[in-house]
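[1] for reference, the sequence and a predicted model appear below.
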Amino acid sequence: MNCRHCGTPLTDTVLDLGCAPPSNSYLNKADLNSPETHYPLRLFACSRCFLVQTEDFTRADMLFHPDYAYFSSVSSTWCAHAARYAAMIRRKLRLGPGSFVLEVASNDGYLLRNFVEMGIPCLGIEPTDRTAEAAERLGIPVIREFFGLGLSNRLTDEGRQADLLVGNNVFAHVPDINDFTAGIREALKPDGVVTLEFPHLLKLLRLGQFDTVYHEHYSYLSLRTVCAIFESEGLRAWHVEQLPTHGGSLRVYGCRRDSSRARNASVSRVLETERRFGLDRMETYGGLQAKADRIKDDLLAALIRLKRRGLRLAAYGAAAKGNTLLNYAGIRADLVPYVCDAAPSKQNRFLPGSRLPILPVETLREDKPDVILVLPWNIVSEIVEHHGYVRQWGGRFLTAVPSLKFR
């Protein structure tokens with residue numbers, strides 16, 4: 001396999017999580033009598049451009065299928081984040097009724113609904129039917145396709161170039177990152193702005209956030225690498241913000257190379273932080289496997305210990321990252337009998353690989369587990385706040401990444 005950005009042959013494996021099914025391929029009861037397709041889940045780092053990437057085994061349309069079960073609006077924390085962003089960016093770019101906002105991977109309209117309420121014309125690009133239908137019910141127009149240069153050229157021909165293009169947690173999800181980036185450039189007006197949010201590779205390596213690795217995430221990004229990809233496709237970064245979302249993310253502001261926007265000091269600061277951490281040296285990537293193994297071993301040992309004490313266990317949040325953790329640790333229903341999730345699209349189905357049943361959140365009140373393993377640790381504060389009633393029977397929450405922590 002060659003690097004999906006610069007074409008350099010990939011020889012440096014930085015993480016091997018064995019084989020796993022696609023993390024969002026939730027099972028129905030009828031599926032339990034059939035085998036699941038498992039694919040190797042390995043990370044490589046390119047020795048030339050330092051793009052960290054998964055091995056290619058599955059096509060995007062096999063991962064982001066019409067029955068896709070992830071709905072962004074289920075998380076109140078994420079919806080609040082989107083609302084704050086919309087208000088901020090409207091002021092920053094002075095967007096109004098004459099502007100045009102484009103969001104790639106618009107999901108169920110969790111973000112664009114804010115622009116609709118502001119009276120700012122917008123368009124979502126979303127390939128999965130169920131989420132697109134939810135957005136359309138909010139009055140958001142949606143093109144149900146994957147984004148790339150071809151679609152951008154069509155939009156340009158129709159006179160629909162964007163003042164703002166938003167890509168929240170999608171840049172890591174695209175198999176052809178060069179074509180995607182070229183599409184961004186083409187979709188922007190001459191002085192238009194793109195903002196991309198993605199989990200920061202530096203945080204993944206520093207904190208051992210290996211559970212963010214799954215087949216939907218083709219790339220794991222640093223600002224250094226994003227700047228290189230931008231440069232190759234006629235874009236440049238002019239501002240960057242560090243965010244707490246997903247355990248530590250970047251929001252990169254980009255524009256066309258010949259835009260009048262001046263680059264500010266934030267770009268140099270983050271690049272320098274990455275350089276000091278060592279993201280431009282291959283040896284920096286070598287410690288991730290040991291961190292992943294420590295987290296897996298610690299969790300497994302703790303769950304076995306709790307079970308032997310006679311405590312009742314459960315999990316919360318049927319998140320994709322949870323599937324990576326459960327499958328790598330080999331956790332099955334004999335140890336954690338079920339997982340609860342607030343998304344109706346996931347309830348009464350089963351997690352891929354581990355096959356834990358996904359039950360409604362009301363199950364927690366009925367079953368009264370002693371320890372609840374929170375799989376989407378990035379929103380643990382929201383979960384603890386919403387389900388604080390578990391304290392009434394002495395219940396506790398547990399997270400495993402970056403280290404075991406009871407709450």
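    Great, that's in hand.
[2] hang on, L299 is in a helix, isn't it?
    Yes: assigned with DSSP: H, G, I helix; E, B strand; the rest coil, L299 falls within a helix.
[3] any idea how far it is from V374?
    12 Å (CB to CB, to the nearest Å). To be clear about C-beta, it is placed using only N, CA and C from the backbone, and glycine gets the same treatment.
[4] one more: L43?
    Taking CB to CB, one finds L43 at 24 Å from V374.
[5] okay, L299 and V374: which has more neighbours?
    Taking neighbours as other CB atoms under 10 Å, L299 and V374 compare with V374 leading, 25 against 22.
[6] in this structure that one contacts A314, no?
    No: V374 lies out of contact with A314 (CB atoms under 8 Å); the separation is 10.3 Å.
[7] residue contacts, R256?
    Going by CB atoms under 8 Å, 6 or more residues apart in numbering, R256 touches 185, 188, 190-192, 234-236.
[8] can you rerun that using 6 Å?
    L188 (CB atoms under 6 Å, 6 or more residues apart in numbering).
[9] can you check I383 too?
    316, 374.
[10] and it, what's its pLDDT?
    pLDDT for I383: 95.
[11] for A60, same thing?
    Per-residue confidence at A60 stands at 60 (pLDDT).
[12] C-alpha coordinates for stretch 8-16, CSV please?
    Presented in CSV, the C-alpha positions along stretch 8-16 are these (Å, rounded to 0.1, in the frame of the first residue of the first chain):
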residue,chain,number,x,y,z
THR,A,8,5.3,6.8,-0.7
PRO,A,9,5.2,3.0,0.0
LEU,A,10,4.1,2.4,3.6
THR,A,11,6.3,0.2,5.6
ASP,A,12,6.0,1.5,9.2
THR,A,13,3.2,-0.1,11.2
VAL,A,14,2.4,2.0,14.3
LEU,A,15,-0.6,0.1,15.6
ASP,A,16,-2.1,-3.4,15.0
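[13] roughly how far is it from the heart of the chain?
    Relative to its chain's centre, stretch 8-16 lies at 22 Å (CA atoms, centre = their mean, to the nearest Å).
[14] got the buried residues for it?
    Neighbour counts using 16 or more other CB atoms under 10 Å place 10, 14-15 of stretch 8-16 among the buried residues.
[15] likewise stretch 310-322?
    For stretch 310-322, using 16+ other CB under 10 Å, the buried residues are 313-322.
[16] thinking again about what came up before, got the buried residues of stretch 8-16 as CSV, with pLDDT columns?
    Below are the buried residues of stretch 8-16 laid out as CSV (pLDDT from 0 to 100):
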residue, pLDDT
L10, 95
V14, 95
L15, 97
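[17] select from the residues you listed every entry located in strands.
    14-15 (DSSP state E).
[18] out of the buried residues of stretch 8-16, flag the one nearest to Q209.
    When those are compared for distance to Q209 (CB to CB), L15 wins out at 10.9 Å.
[19] the closest one touches G287, doesn't it?
    No: between L15 and G287 there is no contact under CB atoms under 6 Å: 10.2 Å.
[20] per-residue pLDDT, L63?
    According to the model, L63 scores 59 on pLDDT.
[21] chain center to stretch 218-226, what's the gap?
    That offset, for stretch 218-226, works out to 13 Å (CA atoms, centre = their mean).
[22] first-to-last residue distance for it?
    Start and end residues of stretch 218-226 are separated by 14 Å (CA to CA, to the nearest Å).
[23] over to stretch 104-112?
    End-to-end distance (CA to CA), stretch 104-112: 11 Å.
[24] centre of the chain to it, how far?
    14 Å.
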